[in-house]
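Coordinates only, no sequence provided:
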């Protein structure tokens with residue numbers, strides 16, 4: 001090949017531990033699940049179908065994360081601001 005003629009490639013090194021694809025990473029964004037068992041079945045199947053079209057990787061239905069057991073939409077509690085009265 002032209003890389004060996006140009007002396008850019010001398011040795012080919014193979015990794016001991018090849019990279020493995022983690023399908024679970026595609027279902028999370030900033031630590032929060034993009035989709036879970038709490039969503040409608042049709043929504044889950046549409047997402048898996050779109051994922052297969054985009055990446056050509058078949059992800060089984062069993063890999064969808066379980067429903068969260070905490071309320072993700074619970075607002076933060078704010079401390080009351082103390083109003084000082086001037087006399």
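It's in. Values in this document were obtained by computation on a predicted structure and should not be read as measured data.

mind checking how far residue 38 is from residue 17?
Applying CB to CB, to the nearest Å, the value for residue 38 to residue 17 is 35 Å. All C-beta atoms are positioned from the backbone trio N, CA, C, and that covers glycine.

Can you tell me, leaving aside adjacent residues, what's nearest to residue 35?
Nearest residue to residue 35 in three dimensions, chain neighbours excluded: residue 47, at 5.4 Å (CB to CB, 6 or more residues apart in numbering).

and the gap between the one you found and residue 65?
Taking CB to CB, one finds residue 47 at 12 Å from residue 65.

what's the helix or strand for residue 49?
helix 41-55 (DSSP states H and E).

What lies in contact with that helix?
26, 34-35, 37, 57-59, 61, 64 (CB atoms under 8 Å, 6 or more residues apart in numbering).

Let's test this: name the helix or strand in the chain with the lowest mean pLDDT.
Evaluated with mean pLDDT, DSSP states H and E, the helix-and-strand set of the chain has its lowest mean pLDDT in helix 2-5, which scores a mean of 64.
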